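Participant: Give me the fold of what follows.
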Amino acid sequence: MPENEAPAALRLEQPEWLRDWLRQPAPAADDRERLLEVFDLARTHVERDGGGPFAAAVYREDTRERVAAAVNTAIASHCAAAHAELQALSLAQQAVGSHTLAALPCVLVSSSAPCTMCLGAIAWSGLRRLVFSTPRQDVEAIGFDEGPATPRWRRELQRRGIAVRGPLLRRQGQAILRRYVERGGPIYNGPPGAERPLSGADS
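Facilitator: Coordinates of the predicted model:
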């Protein structure tokens with residue numbers, strides 16, 4: 001790129017291994033089964049040192065179809081916006097050829113509750129439901145900055161017709177966060193020394 005020329009295209013790519021991962025059959029149309037699949041995606045990303053212990057997938061509610069799936073690629077993409085939820089939603093919208101998923105009964109299943117940025121994307125996505133595992137305090141406990149507090153976020157999504165379920169299988173989600181810390185995964189947007197012990201139970 002010439003020295004004084006600003007970029008005119010945005011490029012966000014999921015890791016190459018995800019293509020093979022997506023060839024596996026989608027799980028049953030059940031929240032826990034789908035969350036277990038998202039856990040597997042997040043865990044694989046962690047073990048491959050992908051950066052960011054987060055994954056998300058969009059599924060149709062009326063079928064078993066997995067519309068799209070993504071992991072966090074903020075570091076690899078050089079883009080702070082490249083969170084798993086935001087990319088899964090974007091890929092799903094492009095797959096259906098619309099800026100909104102409102103015409104389809106879709107659910108977003110995420111390994112963690114949305115940060116402040118992803119919350120905005122979810123609100124305008126056209127989703128019917130959101131399912132998540134670890135709440136933001138678990139993510140902040142390992143040092144990540146989840147953005148300004150949004151204490152009424154569930155109510156705001158529900159007001160927009162988006163039902164919310166979670167925390168679900170919280171301990172299993174926490175285990176993935178701990179594994180990320182054990183492997184020395186970078187806490188790319190948190191202050192130094194912010195890590196704190198995780199606690200909490202399943203729900």
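
Participant: how near is the residue nearest to residue 42 when sequence neighbours are not counted to residue 9?
Facilitator: Once flanking residues are discounted, residue 42 sits nearest to residue 55: 3.7 Å by CB to CB, 6 or more residues apart in numbering. C-beta: built from backbone N, CA, C; applies to glycine. Distance of residue 55 to residue 9, computed by CB to CB, to the nearest Å: 26 Å.

Participant: Those two: who's more crowded?
Facilitator: Set residue 55 next to residue 9 and count neighbours by other CB atoms under 10 Å: residue 55 wins out with 29 against 4.

Participant: isn't that one right up against residue 41?
Facilitator: Yes - in this structure, residue 55 is within contact of residue 41 by CB atoms under 8 Å, at 3.9 Å.

Participant: Give me the common contacts of those two.
Facilitator: The contact sets of residue 55 and residue 41 overlap at 69, 71, 111 (CB atoms under 8 Å, 6 or more residues apart in numbering).

Participant: does the last one count as helix, strand or coil?
Facilitator: I take that to be residue 111. strand (DSSP: H, G, I helix; E, B strand; the rest coil).

Participant: Show me what counts as buried in the strand or helix carrying residue 93.
Facilitator: Per DSSP states H and E: residue 93 is located in helix 84-96. Buried positions in helix 84-96, judged by neighbour count with 16 or more other CB atoms under 10 Å: 84, 85, 86, 87, 88, 89, 90, 91, 92, 93, 96.

Participant: picking that back up, please name the residues that touch the residue nearest to residue 42.
Facilitator: Listed by CB under 8 Å, 6+ apart, the contact set of residue 55 reads 38, 39, 41, 42, 45, 69, 70, 71, 72, 84, 110, 111.

Participant: just checking, which of those residues belong to strands?
Facilitator: 69, 70, 71, 110, 111 (DSSP state E).

Participant: So what pairs up with the first one in the strands?
Facilitator: I take that to be residue 69. Under DSSP bridges, the beta-bridge partners of residue 69 are residue 57.

Participant: ok, it - how many residues close by?
Facilitator: Residues lying near residue 69 (other CB under 10 Å) number 24.

Participant: Is it in contact with residue 58, as I believe?
Facilitator: Yes - here residue 69 reaches residue 58: they are 7.5 Å apart, a contact under CB under 8 Å.

Participant: coming back round to it: ranking the ones in strands among the contacts of residue 55 by neighbours, who comes first?
Facilitator: Highest neighbour count within those, by other CB under 10 Å: residue 71, with 31 neighbours.

Participant: Might one say that that residue is in contact with residue 43?
Facilitator: No - counting by CB under 8 Å, residue 43 is not a contact partner of residue 71; they are 10.4 Å apart.
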